[in-house]
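Peer 1: Any chance you can model this:
(chains A and B)
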Amino acid sequence: MFDLFQLGFEQIVRPYPLLLLFLGTVGGVIVGCLPGFTITMGAALVLPLTFGMSSIEGLSAMIGVLVGGLAGGQITGILLGIPGTPSSVATVFDGYPMACKGEPGKALAIGTWASFFGGLIGAVILMFFTPPLADMAMKFGPWEFFSLVTFGLTIIASLSGKSVTKGVIGGLLGLIAASFGTDPMTGIPRFNFGLNGLTGGFSFLPVLIGLFAFSQLMQNLEMSRSSTQALVSDADLTFSSKDVLKTIFKQPVNLIRSSLIGVFVGALPGAGASIANILAYDQAKKSSKRSAEFGTGISDGIIASESANNGTGGGGLTPTMALGVPGDAVSAIMMGALILHGIQPGPLLIVEFPDLVYGVFVAFFIAHFFMLGIQLYGIKAFVRLTRIPLYLLIPSILVLCSVGSFSIHNRFFDIWVLFIFGLLGYLLTKAKIPLAPMILGVILGPMAETNFRRALMTDSDLTLFLTRPISLAFILLALVSVIYPFYKKYRAHKKTQV
Amino acid sequence: MKQDRVIGLILVAFSGLMYYQASQLPPAMFGTLGADVFPKILFVLLALAGVILFIQGMTKKATPGKPVQGAASDSKAQPRGVAFYKNVIIGFAGFMGYVILMSYLGYVISTLIFLPVLMWILGPKTKKSAVTIVLVTLGLTYGMQYGFANILKVFLPEGSVF
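Peer 2: The predicted structure follows:
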């Protein structure tokens, strides 16, 4: 195993990959701290920039965005009271009050260090759980893979919004979008409506940028959004590292529990940082002796939320690298990056490309040190960045979106795909249909279809999905994740009636 | 909610139409599963989900105090007129114009037109912002051209005229 880490180390610890990892982390912190810009959007925008790079270089940049983004959301969350990304919602509960009490520097430092430790715990789990998980998945047949994908899609549908039905609709729309283009098994063109550009189906990248960047930009154009609020930041941004570390190490249970919640939630297909930080905050509050003080600006809340959201990074990458089934939307993009570089993710990845997989582990680990340095010492620059007015930012990023979409195949058709999916993404958000299940559907669609048909071609017996134990377990889990929210609602409804 | 009922109906209609499209695909040459089977399953499921959404929309009432039309979850209750969406419409229309322009004039010229026009429409109309817009436009257009073409080795759109 040590050799493998050395192999990964050699891949990453070279000037160019390290530079890309660093720049990616800076970029991640930037998208993280700008309210209205999500990590998923950052990853989608960085992806086209990685075409000319080797796969490990491209992945380094993307890993940087992930780690930086997970930590960067706290900056505006703490200073403005507006979380930069959904992953830092719970950080605001105590971070903003602490900043208002005149300690914004301390609040940010606590959050940054908590992110750092949470991320490292996630990294350790990623490194040690990926190989055995991949090993187990080697024994999977098409039945197990199809059932696993089904489970992944149902759990994301049930977790990502208020309405399970709408979550399922999002997932189905993604699967359907993926079914356009040439049939993966027989080569028959499907649903191309006579358009040449559709012969290969929708390119993943413009779909992704359209759904997550374009539609988000359009939401930022709605009238009521403005970013001209006064920052608390002109106040004191200084802190004492010794005090901050002492504060964090006084709460080892909180730190480790929250990080593990993050890792676990991250590893569940579909649930990501936006859920983990709130869950961890809630658990910290429930088990704390001073739970009444939560929300008034105490360190406990910041530690819980920030260690949990960075923990999801490692958790989410684990099933992505081991099974080829991403844990959340950002990991889905990471998986898309692999596919764009000609690498098919799945249990064989670690056997075929150990240098790449261990390179990702090492990059993920190092990115946390970069993040720590960038956030502790570059904070003033990021605060200034949040003041760039939207009227300059939005048109500029629109141009970047179109160039990025064009660059994959050098054709205008893809810019139109970007536009269509941007419009679709905007309308779906207005209809409160979540987009995360949709992107998972797009990524997992070919995998679901190929395994489903392969299973039925091997043996036309449909009951095999239910009689093979692992497959049955996934199907049962899928059923539970669909039925449970209804059951919960029913129980709550009954309670209110009594 | 009315919005959910409408979406449910749209989904059912879309599924039906696409199901018909799928049934036009050539049948499988060998084995039992052709190119049409998997999409057909998806369209049936989507239609079902549409029906469920429609039924839920009949039974559920809109949350009081919130307008149903296009109510975003994170916003305060306020009436949403065309004014609310004005910039969104401008954004979509402007981008469409940009792509059409780009197909004739190529990346540089169309970006030099698109950026300042959209920024000016969206931003405050002051002398200071005009100067910023010009500087940002020039820096971004040529900076991206240099970065993409020379550093990242990625092609930029070329127009049919230039």
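Peer 1: so the residue nearest the centre of chain A, which of the three states?
Peer 2: Chain A has residue A:330 as the residue nearest its centroid, 2.9 Å off, counting by Cα atoms, centre = their mean. For residue A:330, the secondary-structure state derived from DSSP: H, G, I helix; E, B strand; the rest coil is helix.
Peer 1: ok, it - contacts?
Peer 2: By Cβ atoms under 8 Å, 6 or more residues apart in numbering or on different chains, residue A:330 lies in contact with A:39-40, A:43, A:66, A:69, A:272, A:316. (Glycine included, C-beta is placed from N, CA and C.)
Peer 1: So which of those residues sit within helices?
Peer 2: Secondary structure assignment by DSSP state H places A:39-40, A:43, A:66, A:69, A:316 of the contacts of residue A:330 in helices.
Peer 1: Name the member of these with the shortest distance to residue A:465.
Peer 2: residue A:316 (26.5 Å; Cβ to Cβ).
Peer 1: any idea how far the closest one is from chain B?
Peer 2: Using Cβ to the nearest Cβ, to the nearest Å, residue A:316 is found at 24 Å from chain B.
Peer 1: Please determine how far that residue is located from residue B:149.
Peer 2: The spacing between residue A:316 and residue B:149, counted by Cβ to Cβ, to the nearest Å, is 34 Å.
Peer 1: which of those two has more neighbours?
Peer 2: residue A:316 (34 against 13; other Cβ atoms under 10 Å in any protein chain shown).
Peer 1: just checking, what packs against whichever strand or helix holds residue A:151?
Peer 2: Residue A:151 is part of helix A:142-159, with elements assigned from DSSP states H and E. When contacts are defined as 3 or more Cβ pairs under 8 Å, 6 or more residues apart in numbering or on different chains; DSSP states H and E, helix A:142-159 packs onto helix A:164-179, helix A:436-458, helix A:464-467, helix A:469-497.
Peer 1: so who does the nearest residue to residue A:214 once chain neighbours are set aside touch?
Peer 2: Using Cβ to Cβ, 6 or more residues apart in numbering or on different chains and skipping the chain neighbours, the partner closest in space to residue A:214 is residue A:422 (2.9 Å). By Cβ under 8 Å, 6+ apart, the residues touching residue A:422 are A:209-211, A:213-215, A:218, A:401, B:92, B:95.
Peer 1: pLDDT at residue A:422, what is it?
Peer 2: On pLDDT, residue A:422 comes in at 95.
Peer 1: For chain B, just list every one of the helices.
Peer 2: Ranges of helices in chain B, per DSSP H, are B:2-23, B:37-59, B:82-122, B:127-146.
Peer 1: so can I have JSON lines of the ones you listed showing mean neighbour count, mean pLDDT and distance to residue A:374?
Peer 2: Below are those laid out as JSON lines (neighbours: other Cβ atoms under 10 Å in any protein chain shown; pLDDT from 0 to 100; distance: least, Cβ to Cβ, whole Å):
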{"stretch": "helix B:2-23", "mean neighbour count": "17", "mean pLDDT": "93", "distance to residue A:374": "43"}
{"stretch": "helix B:37-59", "mean neighbour count": "19", "mean pLDDT": "93", "distance to residue A:374": "43"}
{"stretch": "helix B:82-122", "mean neighbour count": "18", "mean pLDDT": "93", "distance to residue A:374": "29"}
{"stretch": "helix B:127-146", "mean neighbour count": "14", "mean pLDDT": "92", "distance to residue A:374": "22"}
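Peer 1: Out of those helices, which gets nearest to residue A:385?
Peer 2: Using Cβ to Cβ, the nearest of these to residue A:385 is helix B:127-146, at 14.2 Å.
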